[in-house]
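In: Provided below are the primary sequence and the corresponding predicted coordinates.
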Amino acid sequence: MSNRIAVRRMPSLLCKPRHRVHLLAALLLALAPLLAFTSTAAKACACGCSVFDVGGGLLPQENDHGGRVFVEWWHADQNQNRIGPARASADLNLDKRLTTDWYTAGFMYMFNREWGVMTRLPYANRAFTTDTGAPNGVQTFNSKDIGDLEVMGIYTGFSPDMSTGVIFGLMLPTGVYTASGLDRDTQIGSGSTDLILGAFRRGMISGDNAWQYFSQVRWQQPFLYRAAFNPDSGNLELYKPAYQLDGAVGIVYNNWYNVLGFDKITPVAQIIGSHRGHDRGDAADPFNSGFDRLMISPGIELTKVLDETNDRVLKVYFDVEIPFYYRANASVNDAGSEGQLIAPVMFKLVTSYNF
């Protein structure tokens, strides 16, 4: 998925060891055991939206240098109740629907072929429909506000072609988490500060560079939490979202040039997986939270080179994410609070400009 229009072979994916590489690898290995022992979270209606952060659209490329600005649109309409691996009756869950459109503005800057930074700030438009009981019955509550800011570092110095890299940073609690009518797990902001760690790799499948593969993993772990007033109980209550682990593996066809007015069109086929566990805290619903899911996600990337000499490149990426396996944690014999709302399909659009 190189920005250049000329076909090229990728340099060897192997490089000589470096001290800083060993330090980064040691850091990741030291943190890896936390995945097995840290408490987990999500909730009955939470979408697990960090899944949009993996897969095609934003991985650093071989010829990236300087800056990249991008905007993203994510859409999820959670309207199906699920218990375990099966669809369940909507009557078992007081929550009926959660529809969200995320609009994210971001900036990435590669200082050189090894180090870079990236920041992203989302804005969300969310509608939450739930049965509030007598006398008002089913109501829809809306929240429109900024979400949680992400600030991350990028290291791609493991090989000369930038085919392997890691990301590391924080998600900061800039998003609103006290909107009226929304539970803590359906708020736009989490109210938590999260650690973000991830890694990615690209490589060739065919010797002519026409077919490539990529893989990516991202771990998001909240570690600082904020309480909020609960009008139902009259108390300040703490909501502790837990980690989500997302990963993607995919293949791309990288040899389709000068089609329909674009310099290159790149089809993408990928499988995306997610794991979340149980929420904690007085404001949580631990039994109806957490899931495992696998999604198939076809996509396409359109490339237009505006200035090849200075690597001015415009890209548009779009994919559809369709679950083919979904297991949702759920309570039993708890009338009105059984199951989780899931989205039968999700959409992602990314437009970026390199300069």
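Out: Right, received. Where do you want to start? Residues are numbered from 1 along each chain as shown.

In: CA only for contacts and neighbour counts going forward, please
Out: Will do.

In: where's the residue nearest to residue 115 when sequence neighbours are not counted relative to residue 214, distance?
Out: With sequence-adjacent residues excluded and distances taken as CA to CA, 6 or more residues apart in numbering, residue 115 is closest to residue 155, at 4.8 Å. Separation of residue 155 from residue 214 (CA to CA, to the nearest Å) stands at 17 Å.

In: Show the pLDDT at the residue nearest to residue 115.
Out: Predicted confidence (pLDDT) at residue 155: the value is 95.

In: what's the burial count for it?
Out: 22 (other CA atoms under 10 Å).

In: One more: residue 125?
Out: 17.

In: and the strand or helix carrying it, what does it pack onto?
Out: Using DSSP states H and E, residue 125 maps to strand 115-131. Under the contact criterion of 3 or more CA pairs under 8 Å, 6 or more residues apart in numbering; DSSP states H and E, strand 115-131 touches strand 95-110, strand 138-146, strand 149-155.

In: Residue 218 is nearest to which of these?
Out: strand 149-155 (12.2 Å; CA to CA).

In: And the closest one, how far out from the chain middle?
Out: Centroid displacement of strand 149-155 relative to its chain, using CA atoms, centre = their mean, to the nearest Å, is 14 Å.

In: List the buried residues of the strand holding residue 125.
Out: 115-130 (16 or more other CA atoms under 10 Å).

In: cool, stretch 80-96 as well?
Out: 80-84, 87-88, 90, 92-96.

In: repeat for stretch 196-212
Out: Those would be 196-204, 209-212, for stretch 196-212 by 16+ other CA under 10 Å.

In: What is the most widely separated pair among those?
Out: That would be 196 and 210, which, of these, are the farthest apart (CA to CA) at 32.3 Å.

In: and residue 344, which of the helices and strands packed on strand 115-131 is closest to it?
Out: Closest among those, using CA to CA: strand 95-110, at 11.9 Å.

In: Which neighbours in the sheet does that closest one have, and how are they oriented?
Out: Applying DSSP bridges, strand 95-110 is found paired with strand 66-78 (antiparallel), strand 115-131 (antiparallel).

In: Now the element after the first one, going C-ward?
Out: Downstream of strand 66-78, the first helix or strand assigned by DSSP H and E is strand 80-83.

In: Contact partners for the residue with the largest distance to the centre of the chain?
Out: For the chain, the residue at maximal distance from the C-alpha centroid (CA atoms, centre = their mean) is residue 135, at 38.4 Å. Contacts for residue 135 (CA atoms under 8 Å, 6 or more residues apart in numbering) come out as none.

In: circling back: tell me the one of the buried residues of stretch 196-212 nearest residue 332?
Out: Using CA to CA, these come closest to residue 332 at residue 196, 33.3 Å.

In: Distance to residue 268 added to the helices and strands packed on strand 115-131, as TSV?
Out: Converted to TSV, those look like this (distance: least, CA to CA, whole Å):
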stretch	distance to residue 268
strand 95-110	22
strand 138-146	30
strand 149-155	23
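
In: which one of those lies closest to residue 328?
Out: strand 95-110 (14.9 Å).

In: Pull out the C-alpha coordinates of stretch 285-301 and format them as PDB.
Out: What follows is stretch 285-301, C-alpha atoms only, in PDB (Å, rounded to 0.1, in the frame of the first residue of the first chain):
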ATOM      1  CA  ASP A 285     -23.500  -3.600  34.600                       C
ATOM      2  CA  PRO A 286     -20.800  -6.400  35.000                       C
ATOM      3  CA  PHE A 287     -23.000  -9.300  34.000                       C
ATOM      4  CA  ASN A 288     -24.200  -7.800  30.700                       C
ATOM      5  CA  SER A 289     -20.800  -6.600  29.600                       C
ATOM      6  CA  GLY A 290     -18.000  -8.000  27.600                       C
ATOM      7  CA  PHE A 291     -17.900  -9.900  24.400                       C
ATOM      8  CA  ASP A 292     -15.800 -11.800  21.800                       C
ATOM      9  CA  ARG A 293     -16.400 -11.100  18.100                       C
ATOM     10  CA  LEU A 294     -15.000 -11.800  14.700                       C
ATOM     11  CA  MET A 295     -15.900  -9.700  11.600                       C
ATOM     12  CA  ILE A 296     -15.200 -10.000   7.900                       C
ATOM     13  CA  SER A 297     -14.400  -6.600   6.400                       C
ATOM     14  CA  PRO A 298     -14.000  -5.900   2.700                       C
ATOM     15  CA  GLY A 299     -12.600  -2.500   1.900                       C
ATOM     16  CA  ILE A 300     -11.100  -0.400  -0.800                       C
ATOM     17  CA  GLU A 301      -8.600   2.400  -0.900                       C
END
